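how does the following fold in three dimensions:
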Amino acid sequence: MKINKIHLKNINSFKDKHEIDFTTNPLLSAGLFAIVGPTGAGKSTLLDAITLALFNQIPRFDKKISKDFVASAGSILTRGERDCFVEVEYSCKSGNFVSKWWIEMNRNQNLNDYGMEITDLQTGQLLPLKKSEVPKRNEELIGLSYDQFIKSILLSQGEFAKFLKSGKDERGKLLEDITGTQIYRKLGKKAFEIAKEKGQTLKDLRINIDTEKRKLSTPEQEQIWLDRKAEIEKILQDLDAQLQVFKTKIELKNQILNFQKNIAEKSERQAKEQQHLNDFESFEAKKLQNHEKAEPFQSLILQLESQQKALQNLQERLTSEEESLEKNTSLLNRILIKIGELTKEQNTLTLENALEILQNFREKLTQLENQRGVKEAAKKANEAQIEELINKISEKSLNFDARQINEEVIESIKNVGVMYKTTLDETFKIAQINALDEVSAKRETLAEEHRNYTALKQHVWEYVKINNDLKKEQEQEKQQNVFIATQKPELEKVQKIIAEIGQKIKQLETEKETLGKSYNFEKDRQTLLKKDEPCPLCGSLEHPFLSHYANNYVEIDLKLNEAKKEEKTFNETSQNLNTKLASADSLLKNSIAKITTFSEQISGIKIKIEEKKQDLKLEKVGGNTDIIDAQIKAIEAQQNALNGIEGKMQKREDLRSLYNLCSSTKILQKEFNLLTVSIKELYNGLNFEKEYNDIQTSFVKTQANIQSSSKIIKDLKDELSPKQKAFEAEKVNLENQVKLIGFEDLKTCQTAILNSETAKALRDKKQALLLAIQTLIEQIKDHQCELDKLQEKDDKNIDLATLLSLQNETNAKQETTRKEQVEISVNLATQTQTKAAIEQLQTKLQNLEKDNLKWELLDKYIGNADGKKFATFAQGLTLSRLMALANRRLIDLSDRYLLDKPGEHDEDELMIVDQYMGSERRSVKTLSGGETFMISLSLALALSDLASKNIKLDSLFIDEGFGTLDPETLDLALNTLEKLQQEAQKNIGIISHVESIKERIATQIRLERNNRGFSHIIIK
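Sure thing, here's the model as predicted:
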């Protein structure tokens, strides 16, 4: 994973837009770069921006970032700005992506919720994600969680320095937090909980088995049940055989009874059918004879009846029309009366003017209805507005029905308005304005004062802080000046001694060289001398100079070595003094630079404070912010009052509108009620239009009916007279003919004629009676034969009642025996089921015991209630791995120390092995600040290796710690980071304000602050 670009706007001290591009020079080719700038310029903000854009989190805050956090903490969004964003472009195995975070204010000066998104640079498309899904998606693309990311890429030495010197328990917790190995504690706790849960399950199962065993009956009782079951089966077989015999005999006797009953019933039916035949011969046979005589006259009689019916129809029509005429005449009179009653015009009402009077009445009533409708529409519109205003005002005392406005309601509205006016006047007083049109200007004035007082508070706080820092640096300057003043003479003294020793060494070296040459000459000459022979040069027989030269050479050599040792000792002292003086000089310069910077900052802040004092017209500002806070609180109280004025003014206007509406609505309601009374006085019915239409329609229809009935009556009278005369003549002629064949008159003849169905039915009835009698005679004969056969088989020694009694007794005995059989079967089945349940539970117990064995082992070795056992073991492994990786990094920084875990006899703190002191083991608490930094840096780099696992990390940022190093150690640390950068080809950024780092690392991201406190980025 590699970070390519950081693009931000209005983040903390970075106002407007800023960009850092790691893909272009000088950052592209540098590899190792420094992020430098004064305290508070925003060095750590750049690292915060990375995690904010990727994970919506910032290392210095232990929670997700939300709009409420931004608003309450006063962090992230640059003061005075309305929006901000951060974009981070990065490369990973999945491609190139841009992750963005932003937040902005709405028109109400409130923050909208933050937003997040990811763009795939290869396609240029946004990934379809909700903002809450963006951190998880970045985690998947990068291959690192948030915790792994800040421990692999953003390294802070302070956390590891704390880790080095913590106790065992605290170190274990820190190790878990740093490496994210809390899972082992959870596993140990989970193993304990599962083992406990499964142990309880086994305990419950064993209790269930014991409970089931107690349900079992004894084997003796079970055998008694089995023996009795066999006996019952034999008894039931005997009882079934007896019942079958009883059943056969009873069925035979029932068959005999049935045949006897059937014979008696059929004999009775035969007698009845014979009587029916006799009755038929006496009565219905004569009817059939008369029918056959009268049948030839049937058609003539029917024709005469048809004529008579036609005459009757004409007469009925005539009567009906006469009745209709009378009825319609009466109805017309009643309609006239009703019109008179409705219109109250009885005196002038006639048949001719009735409809006109009715129409005039309708027009008058319609006019009143229209007037009432207009009033009602206006009234309802006002009532709806009143309801809307009541809901809008939301005043409990204004709880009335808008449809019933009275003086009491209007008076209550007036009283509420007076109350709101009093409240509004108090609000105006608090806001210190006199009219509503002053609100906007007053709000701007207060906002400006609030901003000025807030800025003044910030300036005072900065002044106090920087002034304290200035005093610390002045004290540091004083200390370093004293140190330099005391140590410089010592250095000069040592340097003078070194110079004297140097002269002595040169002199001794010259003497040694001269003696060496003489010694070599004498040594060469000695090869020419012979014992007891004269020297070829001087003729002497003695040769003492060779030993003389040798002794002097050795003596001078010893003196030279002693002088060099002394020189080395003084050189080391000089070098040590030089180092300390250089460090002191560096600290002095740094303090002087800081004093200058702080003085400039204090001057700038003083100017800002004076400007704000002039803006606020203040004479004096103290060193604390209590007075400013009180003023800010007062301003905020005025602002709150201002914020409520418009709403209260609106409510007062609504109350005024409600009062006016209620007053006008009261008048409308009164006018509406008066019109309603007038309409009821004129017409008190339910539906005038329907009544009007019904009267008009009935009047016209009745008049038409009277005219129609008069014409029909005349036509019917003209048709009826000739047809009546022809009918009377034909009737007399036919009566004479029927008298000749023996009938008294036409009516008697007509009565004798049967319809075809009746005549046929009489003939069929006689035939059926004869057939039924013959059939019954034959059936009785057959039944008697069957009865004789059954009686031969019947046991006459026992009657049916006795058989039924015996059958009932046997059935009762069989039922009792079966109940006993069922009871025994249930007992045996329960016994079998209980045994099966016990066997099943025992099998389950064996399986659970086998399955629980691994959990018992896990609980034994890693489990306990708080998970500490396994967590401690895992922390030991993790610590060993971290130590090995850290020692590998530490070798590059120093070959003196190795990190080691505490031994059995050591305290619970980490140890170091001092290889310069014979591998002596001692506590890390004995290390100096610089040594602690080297080891914590090694730990940080080791954790980066550990946390990133198989993820290739091409970006690394190191924050804190470099200020504790002496120049030599700092140089070594930088050499190690340069080596790491060259080996791994990483982009490594170092955040520091140490001057030597600024001088050593040429490529820098410099943060410079302007006189308003905002920073800008310079890359060089």
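
tell me which residue is most central in the chain.
Ser132 (11.5 Å; Cα atoms, centre = their mean).

ok, that one - contacts?
By Cβ atoms under 8 Å, 6 or more residues apart in numbering, the contact set of Ser132 is empty. For the C-beta atoms, the positions are set from N, CA and C on the backbone; glycine is no exception.

that one: what secondary structure?
helix (DSSP: H, G, I helix; E, B strand; the rest coil).

what's the pLDDT at it?
What the model reports as pLDDT for Ser132 is 92.

for this structure, what helix or strand is lowest in average pLDDT?
Least confident helix or strand, the chain: helix 157-164 with a mean of 60, by mean pLDDT, DSSP states H and E.

burial of the residue lying closest to Ser324 once chain neighbours are set aside, as a residue count?
Take Ser324 and drop its neighbours on the chain: the residue closest to it by Cβ to Cβ, 6 or more residues apart in numbering is Ser709, 5.0 Å away. Residues within reach of Ser709, counting by other Cβ atoms under 10 Å, total 19.

check which helix or strand covers Ser709.
helix 688-739 (DSSP states H and E).

pull the longest helix from the chain.
Counting residues, the longest helix found in the chain (DSSP state H) is helix 439-526.

which strands and helices sit next to that helix?
Judged by 3 or more Cβ pairs under 8 Å, 6 or more residues apart in numbering; DSSP states H and E, helix 439-526 is in contact with helix 545-616, helix 626-682.

where does the stretch 401-550 of the chain have low pLDDT?
515-550 (pLDDT under 70).

break down the stretch 751-900 of the chain into its helices, ranges please.
756-793, 800-862, 868-893 (DSSP state H, counting those that start in this stretch).

please apply the same query to the stretch 201-350 of the chain.
For the stretch 201-350 of the chain, the helices defined by DSSP H, counting those that start in this stretch cover 219-282, 284-294, 298-343.

of the ones you listed, which is nearest Lys67?
Closest approach to Lys67 among those (Cβ to Cβ): helix 298-343, 75.1 Å.

just to revisit the earlier point, winner for burial among the helices of the stretch 751-900 of the chain?
Among the helices of the stretch 751-900 of the chain, helix 868-893 has the highest mean neighbour count (mean count of other Cβ atoms under 10 Å), at a mean of 18.

average pLDDT across that helix?
On average, helix 868-893 scores 79.

tell me how far stretch 1009-1020 lies from the chain's centre.
43 Å (Cα atoms, centre = their mean, to the nearest Å).

gap between Asp240 and Asn254?
Asp240 sits 21 Å away from Asn254, going by Cβ to Cβ, to the nearest Å.

repeat that for Glu473.
Separation of Glu473 from Asn254 (Cβ to Cβ): 132 Å.

just Ile862 next, same as before
Taking Cβ to Cβ as the measure, Ile862 falls 87 Å from Asn254.

what do you get for Lys64?
Lys64 is 95 Å from Asn254, by Cβ to Cβ.

with Ile706 instead?
Relative to Asn254, and taking Cβ to Cβ, Ile706 is found at 83 Å.

same thing with Glu292?
Distance from Glu292 to Asn254, by Cβ to Cβ: 53 Å.

from one end of stretch 347-358 to the other, what's the distance?
14 Å (Cα to Cα, to the nearest Å).

between the longest helix of the chain and helix 626-682, how big is the angle?
For helix 439-526 against helix 626-682, the angle by axes from the mean of the first three to the mean of the last three Cα atoms, to 10 degrees is 150 degrees.

what angle separates helix 439-526 from helix 545-616?
Using the same axes, to 10 degrees: helix 439-526 against helix 545-616 is 170 degrees.

use 14 as the first number for this chain going forward.
With 14 as the first residue, the last one maps to helix 452-539.

ok so, going back, between Ile719 and Asn267, which one's more packed in?
Neighbours per residue (other Cβ under 10 Å) separate Ile719 from Asn267, with Ile719 holding more: 16 against 11.

chain neighbours aside, what residue packs nearest to that one?
Asn341 (4.8 Å).

just give the number of residues close to the one you found.
19.

that older thread, contacting residues for the residue nearest to Ser337?
By Cβ under 8 Å, 6+ apart, the neighbours of Ser722 are Glu334, Glu335, Ser337, Leu338, Asn341.

just the buried residues of those residues.
Glu334, Ser337, Leu338, Asn341 (16 or more other Cβ atoms under 10 Å).
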